[in-house]
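K.L.:
let me see the structure of the following:
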Amino acid sequence: VQEVCKMRKGIIFLLFEFVYVSLWLVVIFIIMPRACQDLSFSIYYKQHRDIYQNLARANDKRADEASTFLKTHNYKFLFDRMNITKMKFCFTIITAKRPKAPCYLTQTVARLVNQLQHIRSYTFVVYNAGGFEHTEAIELSKIVPVITNTTKMNGAYSRSDRYQKEKV
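P.N.:
Down below sits the predicted model:
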């Protein structure tokens, strides 16, 4: 009788061991690779072949949404606020022309202007250090205030700072 009990305990132990090992094998070789294949820090990571096309599509979508947002709202009041002196906040985006910068300035302006709708007494301006070569900033100047190195403001041309290179 004792031998039968020991045998049953041994069989039950082996059964539990088999289930335990099987469960871990399923987790390690089936579940984890599928769950972690998109996590770049994982050992199971698989880089997709079309990842750069997906990123470019996502950026184009965000740029289109930003352009649509800026064109559908009226921001003429931002131009009026340029001469007001009693403002609590002044938000400035400083930009320069960069090669292959797909509408980052438009996306940034749209996000910031969207957040500024809830604030009173502020000014907003984009400072274009890239001059007239920065076509994205020139297009935005029709919608929001954009100042370049040679923009006429309050009757006088603004001069670029001679220490500008040291500041950057």
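K.L.:
need the strands for the protein, in chain order.
P.N.:
Along the chain, the stretches classed as strands by DSSP state E are 89-95, 122-128, 146-148, 152-153, 156-157.
K.L.:
contacts for the third one?
P.N.:
The reference is to strand 146-148. 125-132, 134, 137-138, 140, 153, 158 (C-beta atoms under 8 Å, 6 or more residues apart in numbering). Glycine gets a C-beta too; all of them are placed from N, C-alpha and C.
K.L.:
next, count neighbours for V144.
P.N.:
Counted with other C-beta atoms under 10 Å, residues neighbouring V144 total 20.
K.L.:
next up, the contacts around it.
P.N.:
So V144 contacts 70, 75, 78, 109, 113, 124-126 (C-beta under 8 Å, 6+ apart).
K.L.:
go again with 6 Å.
P.N.:
Taking C-beta atoms under 6 Å, 6 or more residues apart in numbering, we find V144 in contact with 75, 78.
K.L.:
could you report the pLDDT at it?
P.N.:
V144 carries a pLDDT value of 84.
K.L.:
and the gap between it and Y20?
P.N.:
Relative to Y20, V144 is positioned 63 Å away (C-beta to C-beta, to the nearest Å).
K.L.:
do Y52 as well
P.N.:
43 Å.
K.L.:
where does the protein dip in pLDDT?
P.N.:
1, 79-86, 150-168 (pLDDT under 70).
K.L.:
let's see that with 50 instead.
P.N.:
In the predicted model, the chain carries pLDDT under 50 at residues 151-168.
K.L.:
mind putting the contacts of strand 146-148 into JSON lines with neighbour count?
P.N.:
Listed next are the contacts of strand 146-148 as JSON lines, based on neighbours: other C-beta atoms under 10 Å:
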{"residue": "V125", "neighbour count": "19"}
{"residue": "V126", "neighbour count": "24"}
{"residue": "Y127", "neighbour count": "18"}
{"residue": "N128", "neighbour count": "26"}
{"residue": "A129", "neighbour count": "16"}
{"residue": "G130", "neighbour count": "18"}
{"residue": "G131", "neighbour count": "15"}
{"residue": "F132", "neighbour count": "13"}
{"residue": "H134", "neighbour count": "21"}
{"residue": "A137", "neighbour count": "26"}
{"residue": "I138", "neighbour count": "15"}
{"residue": "L140", "neighbour count": "22"}
{"residue": "M153", "neighbour count": "12"}
{"residue": "S158", "neighbour count": "14"}
